[in-house]
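[1] model the following, please.
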Amino acid sequence: MTTIEGFVEKGFEPVFSAFKSNFDNNDEIGAAVSIFIESKCVVDLWGGIADTRSNKPWTKDSLQLVFSSTKGATSILANILIQEKILEIDKPVCYYWPEFGENGKDEITVEELLTHKAGLPYIEESFELDDVVAWHPITQALARQNPIWKPGTEHGYHAITFGWLVGELIRRALNEVSFRSCFEKLVSKPLGIDFYIGLPEELSDRVTHLKTIGRPEDEEMAKIYDAFVGPDTLTGKALMSPSPALKDMEIWNNQTIYKAEIPSANGITDARSLAKMYASCVSTVEGQRLLSDEQLKLATQVRTSGADKVLYFETKFGLGFMLPSLNSLYAGENAFGHDGAGGSHGWADSKHKVGFGYVMNKMIASLNGDPRSHALTNALYRSIGEKEPFS
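    Sure, this is the predicted structure:
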């Protein structure tokens, strides 16, 4: 029987039941969920196994790599800079990052960069893992590259490149030595959260071990997989760029990846911090409010919608945030956030003042949530007397 620790406030018992059911019925290995309503944490649960190789238990201090849920954190930081007039969404990116204006990119705006319209979903050059960790070889390659499509005319999910593009824009605008220092100064330290984009080496023992997914062994399923995400497809290139090393999902269990700064994919955090970060976008939490109501309105306006050139299905984006669509409902029309490959989920609901965080170490093949996070979301809304989003 799985040991579950933490607490739920009275009235939120359905969330505990859903969390337990994920272990009993959805083959969960290790996970955590946290929920804030306005400034108060009403759910904080964790349980299961952090590392199946040693049967190390998941604890209150366990950390998890959350893949593209990192983009939500990066987007929060970008919106803080827009709110403070440090970035202007109508200005060209090269105003802040002059080298970026090469090869037909001089008119790409900050808004287009944040909404996956820049035409740079992958890097045409190939790099060793050391270059990926070094940051500057990658941002320099993006600065000199030609767009894959005419910027602003179409959108396609910039699965990995989003982090370096937006991250370098932020770094230049703040004149900081690293993206990590920008994020720490304006987000993680003011909130007092465990959210790292570039993990300090001394914290690596707290990171749980991912049970990853990869190319199916079944021949017929492998053919379908290759048709959609094979190395010659736009999707495959977007997911595996810019290094062949990233083709092996096990690389994401590597400490070299932990300490890198990949603001689209290698954020390491816990559910409590994820939920608190989003709660502070819609409410004042422990004296901190990251985004004003005015900025939230700008950030969550639909700016990208329709068929996605990279993901095939419809996507909707605000200023960096994923917005509810037919394929990713979140919690209804007032929600915004970002999913991570394999199942992690962080979002806020501006109407009900909710901050939600879910992290896990068993990956499921989905880019937009899965039955585990859906069940937890339904349980939350059932607890507050609202309609279940995933009914």
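[2] quick one, helices of the stretch 251-391 of the chain?
    For the stretch 251-391 of the chain, applying DSSP state H, counting those that start in this stretch gives helices covering 255-259, 271-282, 293-299, 371-383.
[3] what's near enough to touch Glu9?
    Contact analysis of Glu9 by C-beta atoms under 8 Å, 6 or more residues apart in numbering lists 40, 42-43. In this view, the C-beta of every residue, glycine as well, is placed from N, C-alpha and C.
[4] report all helices and strands that the longest strand anywhere in the chain contacts.
    With secondary structure taken from DSSP state E, the chain has its longest strand at strand 40-51. Judged by 3 or more C-beta pairs under 8 Å, 6 or more residues apart in numbering; DSSP states H and E, strand 40-51 is in contact with strand 4-8, helix 13-25, strand 30-37, strand 56-57, helix 271-282.
[5] following the fourth one in sequence, what is the next regular element?
    Spelled out, that is strand 56-57. strand 64-65 (DSSP states H and E).
[6] give me the contacts around that next one.
    Applying C-beta under 8 Å, 6+ apart, the external contacts of strand 64-65 come out as 32, 207-208, 210, 252, 257-258, 266-270, 344, 359-361.
[7] can you list which of those are found in strands?
    32, 268-269, 359-360.
[8] low pLDDT regions in the stretch 151-300 of the chain?
    Applying pLDDT under 70 to the stretch 151-300 of the chain flags residues 225, 227.
[9] quick one: the strands in it?
    For the stretch 151-300 of the chain, the strands defined by DSSP state E, counting those that start in this stretch cover 195-196, 268-269.
[10] just put those in JSON lines and tack on distance to Ala18 and mean neighbour count.
    Converted to JSON lines, those look like this (distance: least, C-beta to C-beta, whole Å; neighbours: other C-beta atoms under 10 Å):
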{"stretch": "strand 195-196", "distance to Ala18": "24", "mean neighbour count": "24"}
{"stretch": "strand 268-269", "distance to Ala18": "21", "mean neighbour count": "27"}
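[11] what would the ones you listed look like in a markdown table with distance to Phe162?
    What follows is the strands of the stretch 151-300 of the chain, written out as a markdown table (distance: least, C-beta to C-beta, whole Å):
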| stretch | distance to Phe162 |
| --- | --- |
| strand 195-196 | 17 |
| strand 268-269 | 18 |
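[12] now, the most widely separated pair of the contacts of strand 64-65?
    Pairwise distances across those peak at 20.7 Å for Ala32 and Ile257 (criterion: C-beta to C-beta).
[13] at the geometric centre of this structure, which residue sits there?
    Ser69 (1.5 Å; C-alpha atoms, centre = their mean).
[14] OK, contacts around the nearest residue to Leu296 once chain neighbours are set aside?
    Leaving aside its sequence neighbours, Leu296 sits nearest to Ser350 (C-beta to C-beta, 6 or more residues apart in numbering; 5.9 Å). Contacts for Ser350 (C-beta under 8 Å, 6+ apart) come out as 282, 296, 300, 334-336.
[15] if we can go back for a sec, which of Ala32 and Ile257 has more residues huddled nearby?
    For Ala32 versus Ile257, the count of surrounding residues by other C-beta atoms under 10 Å is larger for Ala32: 30 against 20.
[16] give me the beta-bridge partners of the more buried one?
    Counting by DSSP bridges, Ala32 forms beta bridges with Trp46, Val359.
[17] can you check Glu5 too?
    Trp46.
[18] same question, Gly342
    Ile364.
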